Each structure stands twice: as C-alpha cells, then as structure tokens.
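A.B. asks: Any chance you can model this:
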Amino acid sequence: MSGSPQWSLSLRFPNQNPVYTSPLPHTRYMPRPSHSSRFYHPHNLGKEISLDVGMLGWRGRLRFRVYNPGKTTKYGILVRMVCKSSTGYICNLQIYDGKCRLLTEMVGFLLKPYEGRGYHLYQDNYYNSVHQMNELLQKLI
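C.D. replies: Sure thing, here's the model as predicted:
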C-alpha cells in the first residue's frame with residue numbers, strides 16, 4: 001500500500017541501552033522482560049510495607065478468573081501484592097492462578113525479597129495467624 005504511513009516506535013529507558021525499535025508498521029512494541037527485574041527490586045521503600053489483595057477486572061474467559069458478588073468488580077483476576085504503605089506503589093505481586101497453595105507459602109514468596117531488613121508489615125486479618133507471625137519474626141520482616 002503506497003498511501004499508508006510507515007513508522008516504528010522506539011522505547012528508551014533511562015540508564016539502559018540499546019534502544020529497541022519495532023520493525024513492523026502500526027504495531028506496538030513492548031519492552032523485553034528484563035525490564036521487569038526493576039519492578040521487584042526492594043528500592044527505597046522506607047520501613048513500612050503492606051500486604052494486600054486486589055482484583056483486576058476481567059470478564060473474558062479465563063481458567064483462573066474469580067467471582068466475588070460482594071465487590072464492585074465482580075469478575076476478575078485476583079492479585080496478592082506487597083505495596084509501599086505511604087504511596088501504594090506495588091513492589092511485588094503474585095497472580096492467583098487457581099492452584100491451591102498454603103497461605104504461608106504465598107506470603108513467604110511475596111516477602112522473600114524483604115527478609116532480614118526489619119520492615120514494619122501491615123496486613124489484613126486474613127493473612128494473620130500465630131504460626132505466620134512466628135515465621136515472619138524469625139525472618140526479621
């Protein structure tokens with residue numbers, strides 16, 4: 001087609017080389033997964049973090065879609081996350097994939113990058129148990 005515009009989208013992230021470009025016209029190019037490593041890095045969090053659950057709205061077909069009639073977003077993807085308490089910045093997350101795991105395993109996975117650093121952890125009663133608190137105290141969270 002001679003009349004269609006040709007373009008490529010360039011993404012540049014600070015302190016990272018090279019610049020990635022999309023060779024196809026009219027397409028978006030997503031950054032490589034290596035950029036997500038900064039998402040999980042426990043940088044400059046302060047001393048207070050929060051463990052919470054959230055719902056990403058999704059009404060399509062999905063094996064691990066969750067239905068909760070008491071919420072505004074009734075259908076969606078359940079996400080458990082660690083956030084910075086003061087700003088709500090999501091530091092680490094785990095998507096519920098429909099497999100039954102122990103709650104202590106899930107909390108251990110989410111808080112593994114923060115072990116031994118002495119954070120103040122805020123959480124719902126759902127995550128709170130004597131066994132869980134003993135484990136967190138031993139890990140110095």
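
A.B. asks: Poorly predicted segments of this structure, please.
C.D. replies: 1-44 (pLDDT under 70).

A.B. asks: Which parts of it belong to which domain?
C.D. replies: Residue ranges for the domains of the chain, per automatic domain parsing: 1-38, 48-138.

A.B. asks: so how far is Y96 from F64?
C.D. replies: 6 Å (Cβ to Cβ, to the nearest Å). C-beta: built from backbone N, CA, C; applies to glycine.

A.B. asks: Spit out the residues that contact the two alike.
C.D. replies: 77-78 (Cβ atoms under 8 Å, 6 or more residues apart in numbering).

A.B. asks: So for the two, which residue has more residues nearby?
C.D. replies: Y96 (16 against 12; other Cβ atoms under 10 Å).

A.B. asks: contacting residues for the more buried one?
C.D. replies: Applying Cβ under 8 Å, 6+ apart, the residues contacting Y96 are 64, 66, 77-80.

A.B. asks: May I see the buried residues of stretch 120-128?
C.D. replies: Buried residues in stretch 120-128, counted by 16 or more other Cβ atoms under 10 Å: 121, 123, 127.

A.B. asks: hey, C-alpha coordinates of that stretch in PDB?
C.D. replies: Taking C-alpha atoms only, stretch 120-128 is exported to PDB below (Å, rounded to 0.1, in the frame of the first residue of the first chain):
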ATOM      1  CA  HIS A 120       7.000  -2.900  59.500                       C
ATOM      2  CA  LEU A 121       4.400  -5.100  57.800                       C
ATOM      3  CA  TYR A 122       0.700  -4.100  57.700                       C
ATOM      4  CA  GLN A 123      -1.800  -6.800  56.700                       C
ATOM      5  CA  ASP A 124      -5.400  -7.800  56.900                       C
ATOM      6  CA  ASN A 125      -6.700 -10.400  59.400                       C
ATOM      7  CA  TYR A 126      -6.900 -12.800  56.500                       C
ATOM      8  CA  TYR A 127      -3.100 -13.200  56.500                       C
ATOM      9  CA  ASN A 128      -2.700 -13.100  60.300                       C
END
